[in-house]
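Asks: Predicted structure and sequence below. I'll ask about it afterward.
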Amino acid sequence: MSGKPRIIKVHTRKRRRVTFITILLLFCVIFATGFAGYRYLRADNIVVNGNKSISTAEVIALSGIEIGTHVLELDKEAAKTAIEQNAYLKVESIDFVLPDTVTINVTERSVTSVIRQLERAICIDIDGRVLDIIQADGISGILVVKGVAVTGSTLNQTIALVDDYQLEALRMLVSALIKTDQYSTYAEADLTYSVDIWLTTHEGMKVRLGQAVDLEGKLKRVADVIAELYGKGISTGTLVATSEDSVTYSPADDTQSEEPQASDTTEDAIEPGD
């Protein structure tokens, strides 16, 4: 009876010793891993994705991230702000990919329309952000917007117009043109009245779309009619497509100031195949 307690005490001491050694080893492993991570988790590679016309070297230079930057010293927000000083760049994310790579994911903004103001041309993207301000004679292949009054045009900021709805109407128009693959068809958009949109093709055909509703449907119908007219050697005149149900054509060179209505003109309704 007197020997049993001693055996129990011996076993208890052994378990405590094993537990202590295990904890000590675990602590050493964690410390070694943390030390190695702190020492070695550095940006030996910097990769840029999504850039097209802007070089990788330029994006990296703007970011301020250098080879050898430690993961704990990587200031993603500061790098994002620095990169987006270039109005054409939008940062989607900046990630550290183990073990040694920083990945910068960007999107390049593109000019979708131009507003002439005196001797200069304000280049904006689909959201109305001012990407560039150039000489008016430097415009080529970009939709020129008429009939809007600009109150502010700061680089890398959204353009300010007297009528805010004109900017929203322009956004919807450009979006519809791109989605229907007709952006390159038109040279000008007149938004003098934001509820009565007019377009002009490169050949001089005027197209009245009316309000910024059902734009994709209207543009598709107009595209079919324009193809029919071009096939007959007709490239000028006026098309009225204030609804997507029908398109009317007038060979007369009607102007926006007259605001023609399909119901009070001698226009002919044209359907594809006529």
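Replies: Ah, there it is. Model, not experiment: these values are computed from the prediction. Residues are numbered from 1 along each chain as shown.

Asks: Please make it C-alpha for all contacts and neighbour counts, starting now.
Replies: OK.

Asks: measure Ile234 to Ala223 for me?
Replies: For Ile234, the distance to Ala223 (C-alpha to C-alpha, to the nearest Å) stands at 14 Å.

Asks: Between those two, which has more neighbouring residues?
Replies: Legend: neighbour count by other C-alpha atoms under 10 Å for Ile234 and Ala223, higher for Ala223 (17 against 14).

Asks: In a helix, the more buried one, correct?
Replies: Yes - assigned with DSSP: H, G, I helix; E, B strand; the rest coil, Ala223 falls within a helix.

Asks: Count residues in the vicinity of the nearest residue to Arg129 once chain neighbours are set aside, would you?
Replies: Excluding its sequence neighbours, the residue lying closest to Arg129 (C-alpha to C-alpha, 6 or more residues apart in numbering) is Thr158, at 4.1 Å. Neighbourhood size, Thr158 [other C-alpha under 10 Å]: 17.

Asks: what's the answer for Arg171, then?
Replies: 19.

Asks: Is it correct that it falls within a strand?
Replies: No - Arg171 is assigned helix when assessed by three-state DSSP, not a strand.

Asks: check contacts around it.
Replies: Shown in contact with Arg171 (C-alpha atoms under 8 Å, 6 or more residues apart in numbering): 126-128.

Asks: hmm, 6 Å instead?
Replies: Shown in contact with Arg171 (C-alpha atoms under 6 Å, 6 or more residues apart in numbering): Ile126.

Asks: so how far is Ala121 from it?
Replies: Counting by C-alpha to C-alpha, the gap from Arg171 to Ala121 is 18 Å.

Asks: What of Gln166?
Replies: Distance from Gln166 to Ala121, counting by C-alpha to C-alpha: 18 Å.

Asks: and what of Asp190?
Replies: Distance, Asp190 to Ala121, using C-alpha to C-alpha: 16 Å.

Asks: Could you do Ile94 as well?
Replies: For Ile94 relative to Ala121 (C-alpha to C-alpha), the value is 33 Å.

Asks: Name the residue closest to the centre of this protein, please.
Replies: Arg109 (5.2 Å; C-alpha atoms, centre = their mean).

Asks: Could you check the pLDDT of that residue?
Replies: Looking at Arg109, its pLDDT is 97.

Asks: Looks like it contacts Tyr88 (just checking).
Replies: Yes - taking contacts as C-alpha atoms under 6 Å, Arg109 lies within contact range of Tyr88: 4.7 Å.

Asks: Now for Asp181, how many residues are close by?
Replies: 13.

Asks: Can you give me the buried ones in whichever strand or helix holds Ala82?
Replies: Secondary-structure element containing Ala82, defined by DSSP states H and E: helix 76-83. By neighbour count on 16 or more other C-alpha atoms under 10 Å, the buried set for helix 76-83 is 76, 79-80, 82-83.

Asks: Fine by me, we can end here.
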